[in-house]
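> Structure of the sequence below:
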Amino acid sequence: MDIENLIKDSHNLIKINKFNKALEILEKIETQTDSRVYFLIGSIYLNLKKIDLAEKNLKFACKINSQNSLIFHNLAIVFSIKGEVQLAKENFLKAIEIDKDIDSICELGRIFSNENNFEDALKYFKMAIAIDKNHKKTNLRIGNMFMKINEHKKGLSYIQKATGFIRFTDNGVEIV
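Model (predicted):
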């Protein structure tokens, strides 16, 4: 079977959470020039919480293809899990630089919010909202940030956009 079909088969297995089967297929591919193989292997290891193996494969994928934002995004997730916040920020920024990936923008906002750097957090959350005003993850995170800084009305309005479960009435806030 050729490499394209093996990658396609493994990708289909990943979609249905059959990570170990997908990994078996990918590890049979003998290549050192196809970043997709290492990206998928690294992403599988990330899902399996094998962080060091995820990092190793994603770094190799990055060396082969430095223009794939998803590689940098997943590498940033790895560094975030490891507590290497500066490396996480750098990799999210690389992903954003490549294609304005909304999930990377939102994650970068999350990191700044967790550091109580609300000015930078808001900058990245607003950037994400400018791309998609209904992006649930961003609306939830910006809502939580506003709640954290005691701007409850703003916070609840963003949380409402994210969940649709909060309603403002004359009686106050109702959970729907």
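
> May I have the helix or strand containing Ala22 as PDB, with CA atoms only?
Element membership for Ala22 (DSSP states H and E) is helix 19-28. C-alpha atoms of helix 19-28 as PDB (Å, rounded to 0.1, in the frame of the first residue of the first chain):
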ATOM      1  CA  PHE A  19      -5.300   5.800  18.100                       C
ATOM      2  CA  ASN A  20      -3.300   2.600  18.700                       C
ATOM      3  CA  LYS A  21      -4.400   1.100  15.400                       C
ATOM      4  CA  ALA A  22      -3.600   4.300  13.600                       C
ATOM      5  CA  LEU A  23      -0.200   4.400  15.300                       C
ATOM      6  CA  GLU A  24       0.500   0.800  14.100                       C
ATOM      7  CA  ILE A  25      -0.100   1.900  10.500                       C
ATOM      8  CA  LEU A  26       2.000   5.000  10.700                       C
ATOM      9  CA  GLU A  27       4.900   3.300  12.400                       C
ATOM     10  CA  LYS A  28       5.100   0.900   9.400                       C
END
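
> Check which helices and strands that helix sits against.
Helix 19-28 sits against helix 3-15, helix 35-47, with contacts defined as 3 or more CB pairs under 8 Å, 6 or more residues apart in numbering; DSSP states H and E. Backbone N, C-alpha and C define where each C-beta goes, glycine included.

> And those helices: which comes nearest Asn117?
helix 35-47 (25.8 Å; CB to CB).

> what residues does that closest one touch?
3, 7, 10-11, 14, 19, 22-23, 26-27, 29, 31, 51, 53-58, 60-62, 64-65, 68, 70-71, 74-75, 77-78 (CB atoms under 8 Å, 6 or more residues apart in numbering).

> what residue ranges in this structure are flagged as low confidence?
Scanning the chain with the threshold set as pLDDT under 70 gives 1, 165-168, 172-176.

> most centrally placed residue in it?
Asp103 (4.9 Å; CA atoms, centre = their mean).

> picking up where we left off before, redo the helices and strands packed on helix 19-28 as JSON lines? Include distance to Lys82 and mean neighbour count.
Output for the helices and strands packed on helix 19-28, formatted as JSON lines (distance: least, CB to CB, whole Å; neighbours: other CB atoms under 10 Å):
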{"stretch": "helix 3-15", "distance to Lys82": "23", "mean neighbour count": "15"}
{"stretch": "helix 35-47", "distance to Lys82": "11", "mean neighbour count": "22"}
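
> Let me have those helices in JSON lines, extended by distance to Phe112.
As requested, the helices and strands packed on helix 19-28 are exported to JSON lines (distance: least, CB to CB, whole Å):
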{"stretch": "helix 3-15", "distance to Phe112": "30"}
{"stretch": "helix 35-47", "distance to Phe112": "22"}
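
> nearest to Lys126, of these?
Here helix 35-47 is closest among the helices and strands packed on helix 19-28 (CB to CB), at 28.1 Å.

> I am finished for the moment; much appreciated.
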